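**Student:** Kindly return the folded structure for what I paste below:
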Amino acid sequence: MVRPRSLAVVALVLALAAPADAGWRPVWRVRTFTPRDGLPHPIVRDVHEARDGSLWFATMAGVVRLRPGSSRFERLDEGEARSEAMAIAEDAQGAIWVATQGGGVGRHLRGAWRWYTRAEGLPSDEVSSLLVDSQGRVWATPTSGGVARLEGERFRLYGPADGLGRGEIARCAETRAGAILCGTYDQPLLQRFEGGRWSQLPVEVATDRHFYVHALVEARDGRLWLGTKGAGVIEGAPEGGGRYRWTAHGVAGLSSNRVGAVREARDGSLWFATSSGASRFEPGSRRWTTLGRRDGLGSNQVFAVLESRDGAFWI
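**Tutor:** Next up, the predicted model:
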C-alpha cells in the first residue's frame, strides 16, 4: 500500500451557487476545520454521515465524530492504538465500522468498541477499505491481499481458490443487482462477486496509460463510474449480461488522472476526489468543474467527498 508523503486537508463544508450561464464558474461557500476545532490530524481519508445525523471522520490519527449542531470534533479511539483510520461504514443496527492501518477492523456501537484482528480471521491488521452491503454483510480489503467477509464473529478470507484475482484489492461497491465489485491494484480490471463466486471483469478502454481502478460507484441510471490511478475517470455504460461499454474521460476537464473516491450527489452529478482537487461532473451537460485551493481548500489533495443531508459537501 503506497502511503501519502505530504497531504491533504481537513473536512470542509461547501455550498454551490446556481449557474448563471453557459460560461459560469461556481461560487463556493467554504468553512475549513483544523486541529483548533479538535480535529486530531489534517489528513482525512473518509467521511460518513450516520443515521443520527452525526458525521464520522477517518483521520490519520484515529476516528472522530462531529455531532449535529456542534463545531467541535470528538475523539472516539479511547486510547486504543488504532491510528491511521482508512475507511468508515455503518450497518443496519447503527454500528459504525472502521478500517485501520495496523489495528484491524473496529465496530462502535452504543459507546463501546469491538475490534477484529488476525485473531478473528483477518490475514493482516492493515485494512484499506470497508463495505457494508444491502444484506448487512461486512466486507474488508486487507493490504496483504484477498477480500475478507465477516461471518458471525470471524472473518472469512476469499482468495484465488474462490475465483478472486491475486494481489491487493482496492475499494468495493455494491450494484443494485446485488453484485459486489472491487478494484484491483496494478491491474485494469474489476473483481466481481455474484452467485457465491468471484470472477473478473476487464476494463477495456482506449488509453495508452497504465491504470488500475481504485474506487467506483454505480449511478442511479445503472452506469458505472470508476476512479482510477493513472487514467482519470472511466464511465461504463451497461450493455446487458454484466458487460459494459467503457469510455475514458482522462483529464479532459478532470483535475487529475489520479482519483481516490467517487460519489453520486442527489442532483445526479458525480464527484471525484483527486490529487489536484475535487472535480464535479454533470452527466446532462457533460460539464466539469473543479474545487481547489483557489476556491478556499487548504490543499488540492483530496481523499473523500460526502454530501450530507443538509446539502453541504464535506471534503
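
**Student:** Can you report how many residues neighbour the nearest residue to A265 once chain neighbours are set aside?
**Tutor:** Residue nearest to A265 in three dimensions, not counting chain neighbours: E307, with 5.0 Å by CB to CB, 6 or more residues apart in numbering. Every C-beta, even on glycine, is put in place using the N, C-alpha and C of the backbone. For E307, the neighbour count with other CB atoms under 10 Å is 18.

**Student:** how much space is there between E307 and L55?
**Tutor:** 12 Å (CB to CB, to the nearest Å).

**Student:** Pull up the overlap in contacts between those two.
**Tutor:** Common neighbours of E307 and L55 (criterion: CB atoms under 8 Å, 6 or more residues apart in numbering): W314.

**Student:** List the beta-bridge partners for the residue nearest the centre of the chain.
**Tutor:** Centroid-nearest residue in the chain, with CA atoms, centre = their mean: A261, separated by 4.5 Å. Beta-bridge pairing for A261 (DSSP bridges): A273.

**Student:** does it really touch V305, like I thought?
**Tutor:** Yes: contact between A261 and V305 holds when scored by CB atoms under 8 Å: they sit 5.9 Å apart.

**Student:** shared neighbours of those two, anything?
**Tutor:** Residues touching both A261 and V305 by CB under 8 Å, 6+ apart: F272, A273.

**Student:** quick revisit: so who does the residue nearest to A265 touch?
**Tutor:** Listed by CB under 8 Å, 6+ apart, the contact set of E307 reads R263, A265, R266, W271, F313, W314.

**Student:** Near the last one, how many residues? Count them for me, please.
**Tutor:** Pointing back at W314 there. Neighbour count of W314, defined by other CB under 10 Å: 21.

**Student:** The fifth one too?
**Tutor:** Residues near F313, counting by other CB under 10 Å, number 23.

**Student:** any idea how far it is from N300?
**Tutor:** Applying CB to CB to F313 and N300 gives a distance of 16 Å.

**Student:** Over to R65?
**Tutor:** Per CB to CB, R65 is found 27 Å from N300.

**Student:** go on, V63?
**Tutor:** Between V63 and N300 the computed distance is 25 Å (CB to CB).

**Student:** pLDDT below threshold where in the chain?
**Tutor:** Scanning the chain for pLDDT under 70 picks out 1-27, 77-82, 250-251.

**Student:** can you rerun that using 80?
**Tutor:** 1-29, 34, 77-83, 206, 250-253, 296-298 (pLDDT under 80).

**Student:** just to revisit the earlier point, can you pull the contacts of the residue nearest to the centre of the chain?
**Tutor:** Going by CB under 8 Å, 6+ apart, A261 touches D46, R171, A215, G227, F272, A273, V302, F303, A304, V305.

**Student:** Take those and write them to JSON lines, including neighbour count and secondary structure.
**Tutor:** Converted to JSON lines, the contacts of A261 look like this (neighbours: other CB atoms under 10 Å; DSSP: H, G, I helix; E, B strand; the rest coil):
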{"residue": "D46", "neighbour count": "25", "secondary structure": "strand"}
{"residue": "R171", "neighbour count": "23", "secondary structure": "strand"}
{"residue": "A215", "neighbour count": "23", "secondary structure": "strand"}
{"residue": "G227", "neighbour count": "28", "secondary structure": "strand"}
{"residue": "F272", "neighbour count": "28", "secondary structure": "strand"}
{"residue": "A273", "neighbour count": "28", "secondary structure": "strand"}
{"residue": "V302", "neighbour count": "30", "secondary structure": "coil"}
{"residue": "F303", "neighbour count": "22", "secondary structure": "coil"}
{"residue": "A304", "neighbour count": "24", "secondary structure": "coil"}
{"residue": "V305", "neighbour count": "25", "secondary structure": "coil"}
